[in-house]
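Peer 1: sequence below, structure please.
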Amino acid sequence: MSLNTPKNTSILISRTDSIGDVILTIPLSYVLKKQFPNNKIIFLATSYTSPILQHIASIDEVIEYDKIQHLSLSQQQSLFSPYNIHTSIIAFPTFEITKFLYHLKIPYRICTSHRWYAWLYANQLVSFSRKNSNLHEAQLNFKLLKPLGITKIPTLKELQEMYVWKSIPSLPPHLLNQLDEKKFKLILHPKSKGSAREWGIENFIQLIKNLNPFKFQIIITGTKNEAPYLNKLFNECPNVLNFVGQTSLSELLSLINTCDALVAASTGTLHIAAALGKLAIGLFPSIRPMDAGRWAPIGKNAMALHQNKNCNLCKHQPENCNCIQSISPHQVIDILVKHYPLKNHSVYE
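Peer 2: Numbering: from 1, shown residues only. This is a model prediction of the structure:
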């Protein structure tokens, strides 16, 4: 029996972890908004990922957990009271978050049954395993909607239609003025902050050197802390634009929306590009559960490159992930040629 969700109440989705995970949870809001048009969809996230969620049409409001977690319980309850939240979906369960939603006295709290604290603080438990599933991460999130009577798992193609954006800001002039309107603007995001297997700086260097600089403008992005690891790339490829550590998340969103394509490992930046409908080329290892089957970017022009082989050699040495590093730069170039009107031109130097 599914939960009865009264009109003029709110449904809260809680996901307080990284950008990529948050992006892959957005389709829940799309389906919930269609199923419950008279209910507000609230997203509990962090101030870090909030700039992305603010521009999703199916999300009515974003609450930034890190800005309210130190308030007293009475202050938190007063803050949440106007939302009249009827159901919370804990997509990323932690002890702290699950207990927090319990103390807010939200009537229905949906959580996986595979966390011991869920039995204390949640009251709608759903049993499923992420680790051993063949479903994509974005599909697995839909298991949590079962108590609401939503049991259909969308196909990957259906998920592509569930990213509806609103009012994406323009790129600030100090960044926009550096872009060349006449060139194909390709963002390369070489690092991952340690969250994913990486393709390697050498592969990115070879990719850049094999692209015609008169046709392509290459923009390198990353965090400020990743800058020292990219020195070799900038030394060998002086003609690229260095945007590393120079954009906020909101500006990165605008930059990706302005450019034509992006190449990266399994990072939040890759998932943003895919959700925006850009050509998003993801580079993945073959090892489960880090493979493309679980984490491929979702978008109309997104795709994942990986070696079709079983490989566990990098399990204990992630910096030497041969199965991802053996992906050829020319495989990436072939995709650029195939998906964009470059066939009448040489993309090679």
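Peer 1: so Leu188: helix, strand or coil?
Peer 2: Here Leu188 takes the strand state, with states given by DSSP: H, G, I helix; E, B strand; the rest coil.
Peer 1: so what pairs up with it in the strands?
Peer 2: Here Leu188 sits in beta bridges with Ile220, Val263, going by DSSP bridges.
Peer 1: wait, what's in contact with it?
Peer 2: The neighbourhood of Leu188, defined by C-beta atoms under 8 Å, 6 or more residues apart in numbering, consists of 204, 207-208, 218-221, 240, 262-264. Every C-beta, even on glycine, is put in place using the N, C-alpha and C of the backbone.
Peer 1: also Leu140?
Peer 2: Contacts of Leu140 were listed using C-beta under 8 Å, 6+ apart, and they are 128, 130, 133.
Peer 1: so it lies in a helix, does it not?
Peer 2: Yes: counting by three-state DSSP, Leu140 is part of a helix.
Peer 1: quick one, helices of the stretch 51-200 of the chain?
Peer 2: 73-80, 95-103, 118-121, 137-140, 156-160, 173-176 (DSSP state H, counting those that start in this stretch).
Peer 1: export the contacts of Leu140 to a markdown table and tack on neighbour count?
Peer 2: Formatted as a markdown table, the entries for the contacts of Leu140 read as follows, by neighbours: other C-beta atoms under 10 Å:
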| residue | neighbour count |
| --- | --- |
| Phe128 | 15 |
| Arg130 | 14 |
| Ser133 | 15 |
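Peer 1: out of those, which are inside strands?
Peer 2: Here DSSP state E is the test, and these give no hits in strands at all.
Peer 1: ok, those residues vs Lys338, which is closest?
Peer 2: Nearest to Lys338 out of the contacts of Leu140 is Ser133 (C-beta to C-beta; 31.2 Å).
Peer 1: which non-adjacent residue is nearest the closest one?
Peer 2: In this structure, Ser133 finds its nearest non-sequential neighbour in Leu140, 6.0 Å apart by C-beta to C-beta, 6 or more residues apart in numbering.
Peer 1: what about this structure, any weak spots by pLDDT?
Peer 2: Applying pLDDT under 70 to the chain picks out residues 1, 309-321, 340-349.
Peer 1: mind giving me the domain ranges of it?
Peer 2: Following automatic domain parsing, one gets these domains for the chain: 10-150, 175-339.
Peer 1: for Ser167, find the nearest of these.
Peer 2: Shortest distance between Ser167 and those, using C-beta to C-beta, is found for domain 10-150: 6.2 Å.
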